[in-house]
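Trainee: generate coordinates for the sequence data below:
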Amino acid sequence: MLLADLIGTLQLAIGPVILISGIGLIILSLTNRFGRIVDRTRQLSVEYRSSSGTDLERILSELKILSLRAKIIRNSNFLAVLSVLLVSFIIIALFGSALYHFNMTYLLITLFIASIISLILSLFLFIYDLDLSLKALWIELPETIALKESINCKP
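Mentor: This is a model prediction of the structure:
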């Protein structure tokens, strides 16, 4: 393999490497969201054990949503990581193709399409999680507003 061929292959591999970097930021965001969900779940679990009456119903509703959100974020994270793995295989296939002079066009196309589909599905799950986080917020807000009003209404 000539140095000129290697330079061309390296230039081709730069695009997928940039894609890995961008997806890495998405994975970081998803991981942070997952951590926040776990923290909030632990906090509500403690509140659930020490509450009674209507609070139990509200907390249980929030815990159900948080459980669903954790599964969604886990799946979204999985799909994003899968996308990175597929892009990594693209880079390996590019170098294998250049080094051994194999025609891997269809493999590269298939890996790229699979990677982008995985990323798209991950982002759709991320959007769904955002919607669910608002639902959990609306469960909690009425009680917070009522508490604030009762504090402000005291003579």
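Trainee: and residue 136, how many residues sit next to it?
Mentor: A count of nearby residues for residue 136, using other CB atoms under 10 Å, gives 20. For the C-beta atoms, the positions are set from N, CA and C on the backbone; glycine is no exception.
Trainee: where in the chain is pLDDT low?
Mentor: Within the chain, the ranges that satisfy pLDDT under 70 run 1-2, 5, 143-155.
Trainee: can you pull out the helices in it?
Mentor: Along the chain, the segments classed as helices by DSSP state H run 3-50, 54-100, 105-152.
Trainee: how far is the last one from where the chain is centred?
Mentor: It refers to helix 105-152. Mean C-alpha position of helix 105-152 versus that of the full chain (CA atoms, centre = their mean, to the nearest Å) differs by 9 Å.
Trainee: try stretch 63-70
Mentor: Using CA atoms, centre = their mean, the offset of stretch 63-70 from its chain centre is 15 Å.
Trainee: out of the helices of the chain, deepest packed?
Mentor: helix 54-100 (a mean of 18; mean count of other CB atoms under 10 Å).
Trainee: now do that helix against helix 3-50, angle only.
Mentor: Using axes from the mean of the first three to the mean of the last three CA atoms, to 10 degrees, the inter-axis angle of helix 54-100 relative to helix 3-50 is 170 degrees.
Trainee: numbering from 53 from now on, please.
Mentor: Shifting the count to begin at 53 puts that one at helix 106-152.
Trainee: what's the angle between helix 106-152 and helix 157-204?
Mentor: For helix 106-152 against helix 157-204, the angle by the same axes, to 10 degrees is 160 degrees.
Trainee: tell me the helices and strands packed up against helix 106-152.
Mentor: The helices and strands touching helix 106-152, judged by 3 or more CB pairs under 8 Å, 6 or more residues apart in numbering; DSSP states H and E, are helix 55-102, helix 157-204.
Trainee: closest to residue 116 out of those?
Mentor: When the helices and strands packed on helix 106-152 are compared by CB to CB, helix 157-204 sits nearest residue 116, at 9.2 Å.
Trainee: out of the helices and strands packed on helix 106-152, the one nearest residue 151 is which?
Mentor: Nearest of the helices and strands packed on helix 106-152 (CB to CB): helix 55-102, 8.1 Å.
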